[in-house]
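give me a 3D structure for the following:
(chains A and B)
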Amino acid sequence: MAKRVGIEVSLAIGEAVKLANADVVAAYPITPQTHIVEHLAELVANGELDAKYIPVESEHSAMSTCLGSSAVGARTFTATAGQGLELMHEVLYVASSMRLPMVMAVANRALSSPLSVWGDQSDVMAVRDTGWIQLFVENGQETVDNVLCAFRIGEDPRVLLPVMVHLDGFYLSHMIEPVLFPEQSQVDEFLPPFKYPLPLHPDRPVTMGAFAMPVIYSEAKKAQEVNLEAAKKVVLECWGEFGKLFGRHYSPVEHYRSDDAKVLLLTLGSFSETAMTAVDKMRGEGGEVGLVRLRLWRPFPFAEIRQAVRNAEVLIVLDKSISFGGPGGPVCSEVRSALYGEDKRPKVIGFVGGLGGRDITPAGFEEIVNKGIEISQKGSDKEFEIYGVRE
Amino acid sequence: MTKPEGELTWKDINIGAIVTEPGNASQYKTGDWRSERPIFDSEKCIKCGICYIFCPEGCIGQNDEGYFEANLFYCKGCGICARECWPGAINMVPEEG
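Numbers count the residues shown, from 1 in each chain, chains lettered A, B, ... in the order given. Predicted coordinates for the structure are as follows:
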């Protein structure tokens, strides 16, 4: 029987990685991700997880080490946050371009300066285009489930890509939540052993990460793009299979009381759960408000987003990061762009909020919705609003 | 390599552009980079082999008569052989066109 335990979500990730029987963990501690790698170091030191734990001197080295370990066919895990993710930046492209599967939990954090260790999604958005599969989770159970799914998706022979599991730093990483852990035998059934088709091995030499002249680089990038796009099918399959085995269901775009909603709010990450409370209250007062939550960030679920919002009149998108000098938030601009060619589409209103650990309460979400409705009616001379900022 | 690189489509590329054929860098024509080519004068050449020793590309070898010459498929035209050849048997001349 699966057991339900109260556990800090960071530690639960360590337990999930143990259930996945990872071979290598290479990581550098950074707030708010530290508890994840601390717990894994303990599990390895105690002999509970038979893996190689490689302490490194930086996140750049952590990611580089993961390249090597995935390249020999070892199941690989790492975790980071904020500045650490940025320090990995160039190596992130190498992992996806070389098609090396690994799973990375990112405890989403704001970027300096001013220095902030608190949560927002600026770090994610800066690595948006690195070619990784990227999933968002909202609570402890989803985190554990999707860490397991991430291994299966990334290591699928049709995919072979690294996967980021994004969880809000502190808001989620440091919460103690009830989590249902599957039995080892169930995980073993769900997650087949990792077999890299062309591993580094002395008996069968290969060259990885060679250089490409202009005559072949475009072809390499097209192959990569087609592969990432095609990974969506495997993501859906994996979540389908997970649902059958464990009874918990995941989709690229999820809905909450959105069917007949004239006004939709779109969020990603753990703030979605707070937004649901706000939606319930507004529904109770007769508001025709619903919520759409984006779970699959890359590859971007164009069809599902279009379908999810087509009947709404107003779509309010909350970004937890700014694209400086640009259209406000990356999520808003992508959603707006996905809808641009549609004949029937809602007005898209962008908000930026929750920066650097600033909380948004249910009342705050209500305020965002009301302000969004007002802007949709009266218009605005701004590309986006920053919610809650003192003027 | 089954096809020259310029004929490969994106579908022909191995996962992660992994190269599975060891040593296929030998198919890469670095001679394309050359703006000057070395001309070897057998009248002056004393077959000492200093050009062979200094060639950073390893593309200089001896012909049947023992004279040294560059393999122009690989020679990048750096001119080190001409600089080091103390009898002055190697002359760098511009590539035409």
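
can we go C-alpha only for contacts and neighbour counts from here?
Fine.

low-confidence regions, the chain specifically.
Picked chain A for this. A:1 (pLDDT under 70).

actually, chain B is the one I wanted.
If you take pLDDT under 70 as the line, chain B has these spans: B:1-2, B:97.

next, the distance between the ends of stretch A:129-141.
Distance between the two ends of stretch A:129-141: 27 Å, counting by C-alpha to C-alpha, to the nearest Å.

is that stretch up against chain B anywhere?
No. Figure legend: stretch A:129-141 not in contact with chain B (C-alpha under 8 Å from any C-alpha of the partner chain); closest approach 12.0 Å.

could you find the closest non-adjacent residue to the residue of chain B found nearest chain A?
Nearest residue of chain B to chain A (C-alpha to the nearest C-alpha) works out as B:Gly16 at 3.9 Å. Once flanking residues are discounted, B:Gly16 sits nearest to A:Met98: 3.9 Å by C-alpha to C-alpha, 6 or more residues apart in numbering or on different chains.

for A:Glu142, phi and psi?
Phi and psi for A:Glu142, reported as degrees, to the nearest 10, are phi -60, psi -30.

ok, A:Arg128 next?
Dihedral pair for A:Arg128: phi -50, psi -40, per degrees, to the nearest 10.

so who does it touch?
Contact partners of A:Arg128, counting by C-alpha atoms under 8 Å, 6 or more residues apart in numbering or on different chains, are A:Arg298.

how about the helices in chain B?
Using DSSP state H, the helices of chain B run over B:50-54, B:80-84.

contacting residues for the residue nearest to B:Gly16?
For A:Met98, the contacting residues are A:208-209, B:15-18, by C-alpha under 8 Å, 6+ apart.

next: A:Met104.
Counting by C-alpha under 8 Å, 6+ apart, the residues that A:Met104 touches are A:77-80, A:162-165.

which parts of chain B sit against chain A?
Residues of chain B lying near chain A (C-alpha under 8 Å from any C-alpha): B:5-6, B:8-11, B:13, B:15-22.

which one of these has the most neighbours?
Ranked by neighbour count (other C-alpha atoms under 10 Å in any protein chain shown), the residues of chain B next to chain A have B:Ala17 at the top, with 25 neighbours.

before we move on, back to that, let me have the contacts of A:Met98 in a markdown table, adding distance to A:Ser10 as columns.
Shown next, in a markdown table, are these (distance: C-alpha to C-alpha, whole Å):
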| residue | distance to A:Ser10 |
| --- | --- |
| A:Met208 | 33 |
| A:Gly209 | 33 |
| B:Ile15 | 33 |
| B:Gly16 | 32 |
| B:Ala17 | 35 |
| B:Ile18 | 35 |
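
what about dumping the CA coordinates of stretch A:257-274 to PDB?
The C-alpha trace of stretch A:257-274 is given here as PDB (Å, rounded to 0.1, in the frame of the first residue of the first chain):
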ATOM      1  CA  ARG A 257     -14.700  26.300 -12.800                       C
ATOM      2  CA  SER A 258     -13.800  27.600 -16.200                       C
ATOM      3  CA  ASP A 259     -16.500  26.000 -18.400                       C
ATOM      4  CA  ASP A 260     -19.000  28.900 -18.600                       C
ATOM      5  CA  ALA A 261     -16.700  31.600 -17.300                       C
ATOM      6  CA  LYS A 262     -16.800  34.900 -19.100                       C
ATOM      7  CA  VAL A 263     -13.600  36.000 -17.300                       C
ATOM      8  CA  LEU A 264     -10.700  33.700 -17.000                       C
ATOM      9  CA  LEU A 265      -7.600  34.100 -14.900                       C
ATOM     10  CA  LEU A 266      -4.500  32.200 -16.100                       C
ATOM     11  CA  THR A 267      -1.700  31.300 -13.600                       C
ATOM     12  CA  LEU A 268       1.100  28.800 -13.200                       C
ATOM     13  CA  GLY A 269       2.600  27.300 -10.100                       C
ATOM     14  CA  SER A 270       1.400  27.100  -6.600                       C
ATOM     15  CA  PHE A 271      -0.400  30.500  -6.700                       C
ATOM     16  CA  SER A 272      -3.000  28.700  -8.700                       C
ATOM     17  CA  GLU A 273      -4.300  27.100  -5.500                       C
ATOM     18  CA  THR A 274      -4.800  30.600  -3.900                       C
END
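
closest residue of chain A to chain B?
Counting by C-alpha to the nearest C-alpha, chain A gets nearest to chain B through A:Met98 (3.9 Å).

before we move on, the earlier item: gap between the residue nearest to B:Gly16 and A:Ile360?
From A:Met98 over to A:Ile360 (counting by C-alpha to C-alpha), the distance is 39 Å.

A:His255 contacts A:Val292, doesn't it?
Yes. Counting by C-alpha atoms under 8 Å, A:His255 touches A:Val292, with 4.6 Å between them.

list the residues that contact both of those two?
Once C-alpha under 8 Å, 6+ apart is applied, the residues that A:His255 and A:Val292 both contact turn out to be A:Ala308.

these two: which has the busier surroundings?
Set side by side, A:His255 and A:Val292 show more neighbours around A:Val292, with 25 against 17, by other C-alpha under 10 Å.

so how far is the helix or strand hosting that one off the chain centroid?
According to DSSP states H and E, A:Val292 maps onto strand A:289-294. Distance of strand A:289-294 from its chain centroid, counting by C-alpha atoms, centre = their mean, to the nearest Å, is 17 Å.

ditto for stretch A:174-188
19 Å.

list the buried residues for that stretch?
Neighbour-count burial for stretch A:174-188, counted by 16 or more other C-alpha atoms under 10 Å in any protein chain shown, picks out A:174-182, A:187.

quick one, strands of the stretch 151-300 of chain A?
A:163-168, A:176-181, A:253-256, A:263-267, A:289-294, A:296-298 (DSSP state E, counting those that start in this stretch).

relative to the last one, what are the paired strands and their orientations?
If I follow you right, that is strand A:296-298. Partners of strand A:296-298 in the sheet, by DSSP bridges, are strand A:133-136 (antiparallel).

excluding its backbone neighbours, what's nearest A:Trp239?
Using C-alpha to C-alpha, 6+ apart, the closest residue to A:Trp239 is A:Tyr250 (5.7 Å).

mind listing what the one you found touches?
A:239-240, A:243.

what sits against the residue nearest to A:Gly354 when sequence neighbours are not counted?
In this structure, A:Gly354 finds its nearest non-sequential neighbour in A:Lys320, 5.5 Å apart by C-alpha to C-alpha, 6+ apart. A:Lys320 makes contacts with A:120-122, A:329, A:352-355, as judged by C-alpha under 8 Å, 6+ apart.
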